[in-house]
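Enquirer: Following is a predicted model, sequence given first.
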Amino acid sequence: MPQPPYFRTKPLIPGPVTRRTILKAGGTLLLSVFPVLPAAAAQILAVRVWPAADYTRVTLENDSDLKVTHFTVPDPQRLVVDIEGLELNPTLKSLVAKIQSGDPYIKQVRVGQNRPNVVRLVFDLKEEIKPQVFTLAPVGSYKHRLIFDLYPVKAVDPIAAMIEKGEWSRADAPPGSPEMPAPAPRPPLAATPAATAPATAPATAPATVPPAPIVTPPAPVIVPPAGPVLAQPAAPPPAPVPKTELPEPAPVRPDPPRVAASKADKGGKGGKVVRMMTIALDPGHGGEDPGAIGASGTREKDIVLAIAKRLKFKLEEQPNMRVMLTRDGDYFVPLGVRVEKARKVQADLFVSLHADAFMLPTARGSSVFVLSEKGATSTAARWLANKENLADAIGGVNMQSHDKQIASVLLDLSTTAQINDSMKLGKAVLGEISGIARLHKGSVEQAGFAVLKAPDIPSILIETAFISNPEEEAKLRDNGYQDQIAAAITKGIKRYFAANPPLAKGRQT
């Protein structure tokens with residue numbers, strides 16, 4: 001009887017059977033039995049809201065990159081945002097309480113779990129907006145960030161904002177005085193219709209003198225001197241002149257610059273109108289970017305904004321000076337936008353204010369920097385410039401919508417003339433600061449600061465002190481020192497203008 005064929009089989013596990021081999025086989029068996037668990041939902045770590053007239057920013061900081069879709073709904077205006085891979089947590093719910101009543105664009109926000117792993121945010125808006133929604137990779141102390149920037153449909157005009165918020169149009173006027181100069185004073189007369197007529201109609205003044213005829217030429221009427229009126233003998237009051245015979249001239253509404261020009265008259269210019277000089281003040285950092293932080297927790301962005309407001313007040317006390325702040329609150333302005341704001345108001349000067357830190361807490365003293373196209377004048381200057389130029393990464397810039405024209409300004413358009421004028425301004429300001437503070441270096445330094453690259457505006461960057469030095473941090477917090485720094489910078493700017501009068505520009509000031 002034939003025997004069945006012999007089949008030689010290979011072992012299932014080649015080679016010698018070891019403990020490691022058995023563990024691998026067991027792990028494979030477990031994975032085949034138990035289902036794969038879903039990935040953990042992302043966690044919101046912090047929420048922040050930065051309202052401002054320029055735009056309102058809402059930041060969600062989280063531990064991973066998020067997928068987002070958004071759309072707007074009219075009547076009433078709303079912005080709807082769906083965030084995938086997210087579950088509601090108390091931090092995210094706290095966003096509702098962070099919306100301020102004074103926010104210019106957001107009325108309120110509603111947060112809810114729209115469906116599993118999808119959270120929906122609904123922003124009820126006060127007006128139509130242009131939203132920008134983007135994400136930022138981790139940088140510095142921040143994790144992943146999801147950004148909502150809500151811009152107005154019609155951008156804020158920096159010139160109109162400067163005029164609205166400026167005090168230069170009435171800085172020299174005494175309290176309670178009218179906007180326009182009052183007409184020449186006249187001695188009080190008896191209670192007559194002419195005596196009670198408004199001062200804006202000078203043509204009615206001659207009607208109080210009987211012999212004087214009524215003159216209505218097209219040119220402004222020159223009122224006769226008041227002396228002869230007092231010398232005349234008493235006479236019965238004349239009959240009231242009907243209003244139909246003396247039509248009131250149309251009221252003249254002067255623009256603010258003309259009011260400001262009247263300050264030159266008070267400065268002894270004999271009525272000669274001098275054009276307004278516009279200074280752009282740039283408090284560094286802001287919003288998501290706190291700048292340097294001192295040992296006691298003092299934030300650079302708060303200190304430089306306080307100094308900038310003091311400096312604005314002092315400059316606008318001077319004849320024919322007005323100030324534009326690149327930011328007047330706690331919000332971030334990209335470096336290129338700061339330069340563009342100054343150019344839109346045709347600024348005569350650009351002054352950026354900072355209070356930086358260094359690697360060693362012993363670093364101290366004030367410094368003034370201007371742009372350099374050939375490299376920094378010192379290692380410290382190069383280090384500071386590189387640190388300041390990271391502001392856009394920390395503050396958060398939407399690179400997809402970043403204006404290419406603004407970016408081009410920051411490249412190679414700076415001219416030798418601009419740098420030379422900046423050096424003159426820097427020396428004048430540094431000389432005044434040396435009288436009230438210790439200097440880090442006794443000369444103006446140069447480095448490649450991006451914020452100084454306006455091609456047609458003399459620009460300087462002032463490091464008021466080192467906030468990383470405990471002694472100087474205490475000084476920066478002191479109101480008296482802030483006032484001294486602002487006064488010194490004001491004197492330096494006045495010295496610069498005295499030696500370098502601004503040229504006439506083809507614009508109405």
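Expert: Alright, I've got the coordinates.
Enquirer: tell me the secondary structure for Gln318?
Expert: Three-state assignment for Gln318 (DSSP: H, G, I helix; E, B strand; the rest coil): coil.
Enquirer: That one and Lys126: what is the separation?
Expert: 38 Å (CB to CB, to the nearest Å). In this view, the C-beta of every residue, glycine as well, is placed from N, C-alpha and C.
Enquirer: Which of those two has more residues huddled nearby?
Expert: A side-by-side neighbour count of Gln318 and Lys126, using other CB atoms under 10 Å, places Gln318 first with 19 against 15.
Enquirer: quick one: contacts for the residue lying closest to Gln43 once chain neighbours are set aside?
Expert: Closest residue to Gln43 apart from its sequence neighbours, by CB to CB, 6 or more residues apart in numbering: Asp63 at 5.1 Å. Going by CB atoms under 8 Å, 6 or more residues apart in numbering, Asp63 touches Ala42, Gln43, Leu45, Lys143, His144.
Enquirer: Go through those residues and name the one nearest Pro76.
Expert: Ala42 (30.3 Å; CB to CB).
Enquirer: Strands of this protein, start to end?
Expert: 44-50, 56-62, 67-73, 78-84, 106-115, 118-125, 129-136, 144-152, 277-283, 321-325, 349-354, 367-371, 445-447, 459-463 (DSSP state E).
Enquirer: other SSEs contacting the shortest one?
Expert: Pointing back at strand 445-447 there. Counting contacts by 3 or more CB pairs under 8 Å, 6 or more residues apart in numbering; DSSP states H and E, strand 445-447 packs against strand 367-371, helix 379-388.
Enquirer: tell me the most buried of the ones you listed?
Expert: Of all the helices and strands packed on strand 445-447, strand 367-371 has the most neighbours on average by mean count of other CB atoms under 10 Å, namely a mean of 26.
Enquirer: Mind listing the strands it pairs with, and their directions?
Expert: Strand pairing for strand 367-371, determined by DSSP bridges: strand 445-447 (parallel), strand 459-463 (antiparallel).
Enquirer: how close does the closest residue to Asp124 other than its chain neighbours get to Leu150?
Expert: Using CB to CB, 6+ apart and skipping residues adjacent in sequence, the residue nearest Asp124 is Lys107, 4.4 Å away. Plainly put, Lys107 is 11 Å away from Leu150 if you go by CB to CB.
Enquirer: my guess is Phe148 contacts Trp50, does it?
Expert: No - Phe148 lies out of contact with Trp50 (CB atoms under 8 Å); the separation is 10.6 Å.
Enquirer: In space, what's closest to Lys344 - neighbours in sequence excluded?
Expert: Closest to Lys344 by CB to CB, 6+ apart is Pro158, at 5.0 Å.
Enquirer: got a list of what that neighbour touches?
Expert: Contacts were defined as CB under 8 Å, 6+ apart; by that measure Pro158 touches Met324, Lys341, Lys344, Val345.
Enquirer: Turn those into TSV, columns for distance to Leu425, neighbour count and pLDDT.
Expert: Shown next, in TSV, are the contacts of Pro158 (distance: CB to CB, whole Å; neighbours: other CB atoms under 10 Å; pLDDT from 0 to 100):
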residue	distance to Leu425	neighbour count	pLDDT
Met324	17	25	96
Lys341	19	24	94
Lys344	20	14	93
Val345	18	20	94
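Enquirer: Pick out the most distant pair among the residues you listed.
Expert: Maximum pairwise distance in those, criterion CB to CB, is 8.8 Å, between Met324 and Lys344.
Enquirer: Now do the same contact list for Leu349.
Expert: Taking CB under 8 Å, 6+ apart, we find Leu349 in contact with Met277, Thr278, Ile279, Ala280, Leu425, Ile457, Pro458, Ser459, Ile460, Ile493, Tyr496.
Enquirer: Was I right to think the fourth one contacts Thr326?
Expert: Think Ala280. Yes - Ala280 is within contact range of Thr326, at 6.5 Å (criterion: CB under 8 Å).
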